[in-house]
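Participant: predicted structure and sequence below. I'll ask about it afterward.
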Amino acid sequence: MNPKNKKKEHAAPLQAHRGPGAMPAPEEKPKEKTKKAAAPIRLRHTDRPAPGAAEKIYSGFALILDGLQQMGYPVGDENFNETGPRAAKALMELVRPVSEIDQAVTDLVEHSFTAAYDEMVISKHNISFGICPHHLLPVIYRISVAYLPSEKVLGISKLSRLVSLLSRRPALQEQLTQDLAEVLYTRLDSRGSAVYAEGLHLCMAARGIQAHEARVVTSAVRGMFRDQSETRQEFLKLVTASPLSLL
């Protein structure tokens, strides 16, 4: 695939959000209002999905507790107090609404910087958490991402944030890997991108086959990482090398 012929995807422009305005100045000394820049969207534990979704998730955990009671567990004792709401809140921390993630990714790629740098940029061993769509059980990821900038670069923390954002979906690891590579390639207008992901899936570690040590490994490449084997091999060598402490 020739990176010059790739189809570029342009994100919709962000709408500016105004914070609380100051008290109006006296009429005899009017002051021009200062337009505030749009603040980046940040995922917080207090964020909630749409009310309808939250109510359904709370109701679902109430039914799970009923099932546990039918299995003989004393769900009425103090250890199960508020277990339903706590479990629902935990799930809503692991999974964010699609619209919220899309907006946060758009905000992230819009906040890039012009830099006279065209070599490989790597953010390696980013730990993130998600859930699998098959069993809704947690997945622990360790993900390394890279891109070859053309005209703009992301702030270094944005790469880790992008990994965290896209992990907060009930998606297959294979899809997560492809989506990360695509965002870094098309949305950032880079010359290439690469992703290397390892996942510990509790759906097969804590149940089923109980493969406690098994790790699922996926990778995806775009642009020059796909076209040039030496570039791809350099990336894989750097992200799979034994980690060394920096301190």
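Facilitator: In hand now; what should we look at? Numbering: from 1, shown residues only.

Participant: from now on I want contacts and neighbour counts done on CA atoms only, so please keep to that.
Facilitator: Will do.

Participant: against residue 58, how distant is the spatially closest residue to residue 61 that is not a sequence neighbour?
Facilitator: If you skip the residues right next to it in sequence, residue 61 has residue 84 as its closest partner in space, 5.2 Å away by Cα to Cα, 6 or more residues apart in numbering. According to Cα to Cα, to the nearest Å, residue 84 and residue 58 sit 7 Å apart.

Participant: how about the one residue sitting closest to the centre of the chain, what does it touch?
Facilitator: By Cα atoms, centre = their mean, the chain has its centre lying nearest to residue 165, at 1.8 Å. Contacts for residue 165 (Cα atoms under 8 Å, 6 or more residues apart in numbering) come out as 101, 104-105.

Participant: and the residues you listed, which of them are in helices?
Facilitator: Counting by DSSP state H, the contacts of residue 165 place 101, 104-105 in helices.

Participant: now render these as CSV, adding distance to residue 69 and neighbour count.
Facilitator: Converted to CSV, the ones in helices among the contacts of residue 165 look like this (distance: Cα to Cα, whole Å; neighbours: other Cα atoms under 10 Å):
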residue, distance to residue 69, neighbour count
101, 36, 21
104, 40, 20
105, 42, 21
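
Participant: and residue 144, how many neighbours does it have?
Facilitator: 26 (other Cα atoms under 10 Å).

Participant: same check, this time on residue 229
Facilitator: Residue 229: 11 surrounding residues under other Cα under 10 Å.

Participant: quick one, phi psi at it?
Facilitator: phi -60, psi -30 (degrees, to the nearest 10).

Participant: biggest helix in the protein by residues?
Facilitator: helix 51-70.

Participant: quick one: the helix or strand that that helix is followed by to helix 51-70, angle?
Facilitator: Per DSSP states H and E, the first helix or strand lying C-terminal to helix 51-70 is helix 83-94. Using axes from the mean of the first three to the mean of the last three Cα atoms, to 10 degrees, one finds that helix 83-94 and helix 51-70 are set 130 degrees apart in direction.

Participant: which other helices and strands contact the helix or strand containing residue 113?
Facilitator: Using DSSP H and E, the element containing residue 113 is strand 112-114. Secondary-structure packing of strand 112-114 (3 or more Cα pairs under 8 Å, 6 or more residues apart in numbering; DSSP states H and E): strand 152-154.

Participant: any idea of the mean pLDDT in the longest helix of the chain?
Facilitator: What helix 51-70 shows for mean pLDDT is 91.

Participant: name the surrounding residues that touch that helix.
Facilitator: So helix 51-70 is in contact with 48, 75, 84-85, 87-88, 92, going by Cα under 8 Å, 6+ apart.

Participant: for the chain, which spans come out with low pLDDT?
Facilitator: 1-51, 244-247 (pLDDT under 70).

Participant: what about the strands in it?
Facilitator: Ranges of strands within the chain are 112-114, 121-131, 138-148, 152-154, 192-201, 216-223, based on DSSP state E.

Participant: how about JSON lines for those, with distance to residue 64 added?
Facilitator: Converted to JSON lines, these look like this (distance: least, Cα to Cα, whole Å):
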{"stretch": "strand 112-114", "distance to residue 64": "45"}
{"stretch": "strand 121-131", "distance to residue 64": "18"}
{"stretch": "strand 138-148", "distance to residue 64": "17"}
{"stretch": "strand 152-154", "distance to residue 64": "43"}
{"stretch": "strand 192-201", "distance to residue 64": "22"}
{"stretch": "strand 216-223", "distance to residue 64": "29"}
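
Participant: nearest to residue 210, out of those strands?
Facilitator: strand 192-201 (10.0 Å; Cα to Cα).

Participant: report all helices and strands that the closest one contacts.
Facilitator: Strand 192-201 packs on strand 138-148, helix 173-182, strand 216-223, helix 224-227, helix 229-240, going by 3+ Cα pairs under 8 Å, 6+ apart.
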